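**Q** here are the coordinates; sequence isn't available:
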């Protein structure tokens, strides 16, 4: 059990990042953090094989959104657990989210992030077991 | 009960269309059929308010795909039940499908289409009941 | 397989009843039909042990509603599959429906009723298997 | 993220309350606690708009039960996550619980309460996203 | 769509077989039928690659049961939809069934078999899409 | 609430055991630990009535595996929550796991174990409530 379970976190708001990173540490997860969609795509390209789950804000302050990041990540890693956090884009999830993802509306608490990531990881084995 | 439940069907292959339309009639559904993504978008714009579910092929022979049609439909109708049928694009669903959708791989039978549309319609009330 | 699977149907509108009864027959189910909540309670008391599923309209034209019928039925038969059909009471389901029930909004088609009843019956064995 | 996520807790047993409140704090939730069904209804009337989830004991020592509290809460807040805790009323849930609720039997641990509340909150966005 | 969707059916009771085969044909499925667990294993070995779903009675009148048939089938085809039908072995499912299977208790109707097979096939694409 | 919720843990690797035991304590669970399948069967026979959930490694270094332990446990306790952890046997779950179980692949974190056990315990009441 020396290996870790690494979650990629994408957010451009310092306070939300703190909550998410604290939640990840509390749950026992490692995390790699980036502040923009562009950096997220670079991280996925370079170190995607270490990514076990993605937590991304939807609005990332640039042209690309969390919807774009998740779609790129799923093209590379089709079974990747995806969790979106959002202040005001929940209504777009039905059209722009990926299947089998969880959307968490702000304000949220640490337990919701941990519950979402752990829950999606725990349902993944049925997929890999069956592939 | 004079009103009908109308399903929009989008497919460019005559034989698949026949199977889907036959399935819809068997299940008691009305349907409106178009042969391209472009016609689907026009139909949604003109008569979207009559649409209770969408069944779309993924590869539609043009630039736009079934992934695009479903995303547009969900922007207009966020709770719309969406069923994709596909011969060889199942691997793209994890990145390009909409949440709470069903993907059916060819070859398929009538009962699968009816089951998917009826099942999604039957879980929709929890949404409208809660909204 | 000479035994039958009997569904209790409660509705005071002749046309809706016709659709439901036709759907039940199509699916291979037997059915016993009553036109009021009061008759439903009497039927449950007398022949409840033959009831494998309940399909009830919500508004039954009297003091008692389909919400009441389902609650009484579940007190007697805790694992009974329950399907509500309703024209305009969908918004009350979140407060007045029973757990693990399905609500179908009018207009609906035969396939939705059959899908709901068969689907609930098929998830029941996990209950009895575990009891 | 200065806003909090507030859970209403209803219980008349001091020791159970302690476990629930401790669990809520551990998970990062705020909570407002009342000791009776009557006080719960008053709290919902006055401050219902701040309520993000309800955790209620079933037997509350008075005429009204947790079943009644949850039904009232859902009439006011149709998408409210509801968690029941109970020592000996689990068999009544099938008839008296609200849909999409979780029932936890005593004895239970903190992680079960946090898992139930966080899990129900995390599935709520699909509702609001689609409404 | 000239290809068919073939379901393997295993049952040693003529009347139950008739109901299942009739249900399969009604739903649009092809089927291959065998009367014993031993013949089922031979069929899987010879023509397993044509099998899209398995419907098996639990008690098959010999040493091997439907539990054994399903386990063998899943070793060969890990994502295979599995439906058990049984008169009196429902209580064994929790220990001897395979994950993501459906158990249908006798007496049952055609719609339950079709619903179970179609429903499991329709959730399979998420697996293959993600593999 | 002086009673505890006891989880049986079966693992022959000291480091994995440490992670699981730490997770259980963090979540508020009591646990009884054994290092082999044989000891697990003895523990179930002697103290099975105190067991509220089972967490077992699949490969236990002997003839019997975690698949065997879970099957025996479910024969005795049909509603028992079962969680498997495994390094390289995930592909066998589809054929050898019990229904309604969770499989967690190594490496994993504490939050996944707690989420799996708490989640399965929280869905169990619907079973007992309906039995």
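**A** That came through, no problem. The shown structure was predicted, so the numbers you read here are calculated from the model rather than taken from an experiment.
**Q** What is the burial count for residue A:13?
**A** 18 (other CB atoms under 10 Å in any protein chain shown). C-beta: built from backbone N, CA, C; applies to glycine.
**Q** for it, what are its contacts?
**A** Listed by CB atoms under 8 Å, 6 or more residues apart in numbering or on different chains, the contact set of residue A:13 reads residue A:57.
**Q** Report the secondary structure state of the spatially most central residue of chain A.
**A** What sits nearest the mean C-alpha location of chain A, by CA atoms, centre = their mean, is residue A:55, with 1.8 Å. Of the three states, residue A:55 takes strand under DSSP: H, G, I helix; E, B strand; the rest coil.
**Q** Strands of chain A, residue ranges please.
**A** A:6-10, A:30-34, A:53-57, A:82-86, A:101-105 (DSSP state E).
**Q** Show me the beta-bridge partners of the residue nearest to the centre of chain A.
**A** Bridge pairing for residue A:55 (DSSP bridges) gives the partners residue A:9, residue A:83.
**Q** Hmm, residue A:85 and it touching each other?
**A** Yes. Residue A:55 is within contact range of residue A:85, at 6.9 Å (criterion: CB atoms under 8 Å).
**Q** which neighbours do those two share?
**A** Any residue near both residue A:55 and residue A:85 by CB under 8 Å, 6+ apart counts here, and that gives A:11, A:20, A:113.
**Q** Also near chain E: which of those residues, exactly?
**A** Filtering the shared contacts of residue A:55 and residue A:85 for proximity to chain E by CB under 8 Å from any CB of the partner chain leaves nothing.
**Q** For ChimeraX, what selects the buried ones among those?
**A** Only the buried entries of those go into this ChimeraX selection, using 16 or more other CB atoms under 10 Å in any protein chain shown:
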select /A:11,20,113
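**Q** would a markdown table of the shared contacts of residue A:55 and residue A:85 with pLDDT and distance to chain D be doable?
**A** A markdown table is the format used below for the shared contacts of residue A:55 and residue A:85 (pLDDT from 0 to 100; distance: CB to the nearest CB, whole Å):
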| residue | pLDDT | distance to chain D |
| --- | --- | --- |
| A:11 | 97 | 11 |
| A:20 | 97 | 10 |
| A:113 | 97 | 9 |
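**Q** And the residue nearest to the centre of chain A, how close does it get to residue A:19?
**A** 11 Å (CB to CB, to the nearest Å).
**Q** Need the overlap of contacts for the two.
**A** residue A:113.
**Q** Identify the residue nearest residue A:67 in space, chain neighbours excluded?
**A** Spatial nearest neighbour of residue A:67, excluding adjacent residues (CB to CB, 6 or more residues apart in numbering or on different chains): residue A:96 at 4.1 Å.
**Q** Around that neighbour, how many other residues sit close by?
**A** By other CB under 10 Å, neighbour count at residue A:96 equals 22.
**Q** Same list (the strands of chain A) but as a markdown table, adding mean pLDDT and distance to residue F:35.
**A** Listed next are the strands of chain A as a markdown table, based on pLDDT from 0 to 100; distance: least, CB to CB, whole Å:
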| stretch | mean pLDDT | distance to residue F:35 |
| --- | --- | --- |
| strand A:6-10 | 98 | 30 |
| strand A:30-34 | 97 | 29 |
| strand A:53-57 | 98 | 31 |
| strand A:82-86 | 97 | 36 |
| strand A:101-105 | 96 | 36 |
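**Q** re the thing from before, contacting residues for the residue nearest to the centre of chain A?
**A** A:7, A:8, A:9, A:10, A:11, A:20, A:24, A:83, A:85, A:113, A:117.
**Q** At the contact with chain D, which residues of chain A appear?
**A** So far as CB under 8 Å from any CB goes, chain A lies against chain D at A:15-16, A:18-19, A:23, A:90-94, A:97, A:102-112, A:114-116, A:119.
**Q** out of those, which are buried?
**A** For these, buried by 16+ other CB under 10 Å: A:16, A:19, A:23, A:90-94, A:97, A:102-112, A:114-116, A:119.
**Q** Just to be careful, could you list which of those are in helices?
**A** A:16, A:19, A:23, A:93, A:94, A:110, A:111, A:112, A:114, A:115, A:116, A:119 (DSSP state H).
**Q** just to revisit the earlier point, measure the residue nearest to residue A:67 to residue A:9 for me?
**A** 20 Å.
**Q** Start and end of stretch A:44-59, how far apart?
**A** 19 Å (CA to CA, to the nearest Å).
**Q** centre of the chain versus it, how much separation?
**A** Centre-to-centre, stretch A:44-59 and its host chain are 6 Å apart (CA atoms, centre = their mean, to the nearest Å).
**Q** mind checking how far residue A:26 is from chain C?
**A** 32 Å (CB to the nearest CB, to the nearest Å).
**Q** OK, contacts around the residue nearest to that residue when sequence neighbours are not counted?
**A** The shortest distance from residue A:26 to any non-neighbouring residue, by CB to CB, 6+ apart, is to residue A:110 (6.0 Å). Contact partners of residue A:110, counting by CB under 8 Å, 6+ apart, are A:19, A:22, A:23, A:26, D:27, D:28.
**Q** which stretches of chain A have low pLDDT?
**A** A:1-2, A:124-131 (pLDDT under 70).
**Q** Around chain B, pick out the residues from it.
**A** So chain A meets chain B at A:71-72, A:74-75, A:78-79, A:91, A:93-101 (CB under 8 Å from any CB).
**Q** Kindly recompute the last result at 7 Å.
**A** Within chain A, the positions near chain B by CB under 7 Å from any CB of the partner chain are A:71, A:74-75, A:78, A:91, A:93-99, A:101.
**Q** Now for these: which two are most distant?
**A** A:78 and A:91 (26.1 Å; CB to CB).
**Q** Looks like residue A:57 contacts residue A:9 (just checking).
**A** No. Counting by CB atoms under 7 Å, residue A:57 stays clear of residue A:9, with 9.0 Å between them.
**Q** Surely residue A:6 and residue A:30 touch.
**A** Yes. Between residue A:6 and residue A:30 a contact is recorded at 4.4 Å, counting by CB under 7 Å.
**Q** Of the residues of chain A next to chain B, just say which sits nearest to chain E.
**A** residue A:78 (4.7 Å; CB to the nearest CB).
**Q** Name the nearest residue to that closest one, sequence neighbours excluded.
**A** Per CB to CB, 6+ apart, closest to residue A:78 is residue B:94, 4.2 Å.
**Q** next one: residue A:75
**A** Residue A:75 sits nearest to residue B:95 (CB to CB, 6+ apart), 4.6 Å away.
**Q** I figured the residue nearest to residue A:78 was touching residue A:74, is that so?
**A** Yes. Taking contacts as CB under 7 Å, residue B:94 lies within contact range of residue A:74: 4.9 Å.
**Q** Next, show the common contact partners of these two.
**A** Common neighbours of residue B:94 and residue A:74 are listed as residue A:98 (criterion: CB atoms under 7 Å, 6 or more residues apart in numbering or on different chains).
**Q** mind checking how far the residue nearest to residue A:26 is from residue B:10?
**A** 43 Å.
**Q** Repeat that for residue A:32.
**A** 40 Å.
**Q** Counting neighbours, go ahead and name the busier of these two.
**A** residue B:10 (29 against 14).
**Q** With that, I have no additional questions.
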